[in-house]
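Asker: everything below, folded, please.
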Amino acid sequence: MNSKKENRAAKILETLTKTQKEEVSVLADMLKVSEVTVRKDLDALESKGLIQRVHGYAKLNSPDNINGRLAFHYEVKKRIASRASKLVHDGDTIMIESGSSCAILADLLSETRKNITIITNSAFIADYIKESPNVQIILLGGIYQKNTQCLVGPMIRDTASGYSVHHFFIGTDGWSMRTGFTNKDQLRAQAVRDMAHSCEHVTVLTESNKFDDIGTVPINIKDLPISVITDCNLSAGIQNKMKSEGIEVIEV
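Answerer: The predicted model follows:
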């Protein structure tokens, strides 16, 4: 997308996260463009799995699945993913865990890098970028978790152990002053721990509002070098705590 299209897309998604459903004519009036232009924008968003088209309307996907979560704070996630993409170069092999910001990063890399390999436990990400000629996808084996569309279980560690990469990009559901980054799901947290054994550096991609949630399952990756890429609304107290633990904080 060019900058004008990206701005319109961001405004459309921002509107739909508030209203859940909106008429094409209303979106056209809001954006001060023709309905034809809005329909093209909606087609592009639907192709990315961000929305659904209904006759005369656009509606947001359910927030209970990863397609729906992609749309929430999309512009912030896109900035985070853009900054993370600078760490990856043509020809690199990286690991990416399941998550909405991670999916946006994978999509961005598939458009801007050549001859990269992405090792992932996310069936969603594998499908999301499957048409890209620039990416080889290695999908780790495991038990398919329907709600997250990712693979979990003991096979993750077995299959991930066959690789050694520098960068491992992950999401998070929360953060605790005591335990660090957390997940809501025990099996996903374990998958992250198991994949982390095959990497040299973990980069967490998350919006700052996630730091308001503690989460129930510690990811337990404190023994690895960690960077966090987030937006500029992170509190000074949390930043200082993470920096005191050797965590690099990058704001976008």
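
Asker: any regions of the stretch 1-150 of the chain where pLDDT drops low?
Answerer: Along the stretch 1-150 of the chain, the parts satisfying pLDDT under 70 run over 1-2, 63-65.

Asker: the strands in it, which residues?
Answerer: For the stretch 1-150 of the chain, strands defined by DSSP state E, counting those that start in this stretch occupy the ranges 21-23, 51-54, 57-60, 93-96, 116-120, 135-139, 143-145, 150-152.

Asker: over to the stretch 151-252 of the chain?
Answerer: Counting by DSSP E, counting those that start in this stretch, the stretch 151-252 of the chain has strands at residues 165-170, 174-176, 180-183, 199-205, 217-218, 226-230, 248-251.

Asker: okay, those in JSON lines with mean neighbour count next?
Answerer: All C-beta atoms are positioned from the backbone trio N, CA, C, and that covers glycine. Below are those laid out as JSON lines (neighbours: other Cβ atoms under 10 Å):
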{"stretch": "strand 165-170", "mean neighbour count": "22"}
{"stretch": "strand 174-176", "mean neighbour count": "20"}
{"stretch": "strand 180-183", "mean neighbour count": "24"}
{"stretch": "strand 199-205", "mean neighbour count": "22"}
{"stretch": "strand 217-218", "mean neighbour count": "19"}
{"stretch": "strand 226-230", "mean neighbour count": "23"}
{"stretch": "strand 248-251", "mean neighbour count": "14"}
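
Asker: make a markdown table out of those and add distance to Ala9 and mean pLDDT.
Answerer: Shown next, in a markdown table, are those (distance: least, Cβ to Cβ, whole Å; pLDDT from 0 to 100):
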| stretch | distance to Ala9 | mean pLDDT |
| --- | --- | --- |
| strand 165-170 | 23 | 98 |
| strand 174-176 | 28 | 93 |
| strand 180-183 | 29 | 94 |
| strand 199-205 | 20 | 98 |
| strand 217-218 | 34 | 96 |
| strand 226-230 | 21 | 98 |
| strand 248-251 | 23 | 97 |
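
Asker: these into TSV, with extra columns for distance to Asn67?
Answerer: Below are those laid out as TSV (distance: least, Cβ to Cβ, whole Å):
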stretch	distance to Asn67
strand 165-170	19
strand 174-176	22
strand 180-183	20
strand 199-205	18
strand 217-218	24
strand 226-230	22
strand 248-251	27
